[in-house]
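>>> Sequence first, predicted coordinates after that:
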Amino acid sequence: MNLKPIQSSINNIKPIFKREFVSFFNSPIAYIFVAVFLIVTNWLFFTRFFLTGQANMREWFGLVPWLFLLLAPAITMRAWAEEKKTGTMEFLLTLPIRDWEVVIAKFLSALFFLIVVLAFSLTLPITIGRLGNLDMGIVFAGYIGTLLMGAMYLSLGLLISSFSKNQIVAFLISLSVLFGLFIIGSNNVLSFTNGPIASMLQFISTSTHFNSIVKGIFDSRDIIYYLSFTALFIYLNIQTIGSRNWR
């Protein structure tokens, strides 16, 4: 088996990944959103936690999707928009590197930054575990679901960023699309529909699959849903960049 093409791709991805990942920490926005994410989720969670007196993290995982609606677009809004605004995108894509390698590098850098953000929250289950009998299986499922949903959100945010030169526009469009995908599976929306349409909306909704996973139910359909849509958005991002319609 010839591993040279794989090694070549890894060597091409690494410097772009490093540049993108480090750039998150060169901006105060990253620190602000990390702080906001941790403070808001922990404050709202513990407000309810001491009232219910139950050692579980269901309330916390219920807050995460709403914060991700802001966090994911904030992470991805500058990925392509900034490149086009500063004029570095054409230079980047004329380097001896394939389009898909650039897209994958940007996606992985955003995903790893999200993992760093979530890593700071691990003090929460440790604290709750000391206060009561915490079901670590449910916690593990919750974090897996959060990462899967986050990966899908980031891939969609990167795709939308590739269509705009304005970071704010990319942020607002990503926020709107993600919000729509999240609420179409809610009871308020489904109450206006029935039959096949309701089933289709439930399937498309990110909240339906997330709520299933955080309950500790590892249904292959939920995992395939997130992985498939993540792969689809990455593929479309590669096609968009490859078409050079950004010129």
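Yep, that arrived.
>>> could you pull out the helices for the protein?
Ranges of helices in the chain, per DSSP state H, are 4-25, 28-52, 58-76, 81-86, 88-93, 99-119, 123-131, 136-161, 167-183, 187-190, 195-204, 206-214, 220-243.
>>> For those helices, could you give me TSV that also reports mean neighbour count?
Backbone N, C-alpha and C define where each C-beta goes, glycine included. Output for those, formatted as TSV (neighbours: other C-beta atoms under 10 Å):
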stretch	mean neighbour count
helix 4-25	14
helix 28-52	14
helix 58-76	21
helix 81-86	18
helix 88-93	14
helix 99-119	20
helix 123-131	14
helix 136-161	22
helix 167-183	18
helix 187-190	12
helix 195-204	13
helix 206-214	21
helix 220-243	17
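>>> so who does the residue nearest the centre of the chain touch?
By C-alpha atoms, centre = their mean, the chain has its centre lying nearest to Gly150, at 2.4 Å. By C-beta atoms under 8 Å, 6 or more residues apart in numbering, the contact set of Gly150 is 68, 72, 111, 114, 118.
>>> Quick one: low-confidence residue ranges for the chain.
Residue ranges of the chain with pLDDT under 70: 1-5, 49-55, 87-94, 187-192, 244-247.
>>> Make sure Leu134 is actually in contact with Asn56.
Yes. Counting by C-beta atoms under 8 Å, Leu134 touches Asn56, with 6.7 Å between them.
>>> Can you check which residues contact both of the two?
Residues touching both Leu134 and Asn56 (C-beta under 8 Å, 6+ apart) are Ile128.
>>> still on that earlier bit, could you dump the contacts of Gly150 into JSON lines and include distance to Leu232?
Below are these laid out as JSON lines (distance: C-beta to C-beta, whole Å):
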{"residue": "Phe68", "distance to Leu232": "19"}
{"residue": "Ala72", "distance to Leu232": "16"}
{"residue": "Leu111", "distance to Leu232": "16"}
{"residue": "Leu114", "distance to Leu232": "19"}
{"residue": "Leu118", "distance to Leu232": "24"}
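>>> Could you single out the nearest of those to Lys18?
The nearest member of the contacts of Gly150 to Lys18, counting by C-beta to C-beta, is Leu111 at 14.2 Å.
>>> what sits against that closest one?
Counted by C-beta under 8 Å, 6+ apart, Leu111 has contacts 150-151, 154.
>>> now these in TSV, with distance to Arg48?
Output for these, formatted as TSV (distance: C-beta to C-beta, whole Å):
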residue	distance to Arg48
Gly150	23
Ala151	28
Leu154	28
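>>> What is the nearest of those to Ser186?
Nearest to Ser186 among the contacts of Leu111 is Gly150, at 19.9 Å by C-beta to C-beta.
>>> what sits against the closest residue to Val34 other than its chain neighbours?
Residue nearest to Val34 in three dimensions, not counting chain neighbours: Val117, with 5.4 Å by C-beta to C-beta, 6 or more residues apart in numbering. By C-beta under 8 Å, 6+ apart, the residues touching Val117 are 33-34, 37, 71.
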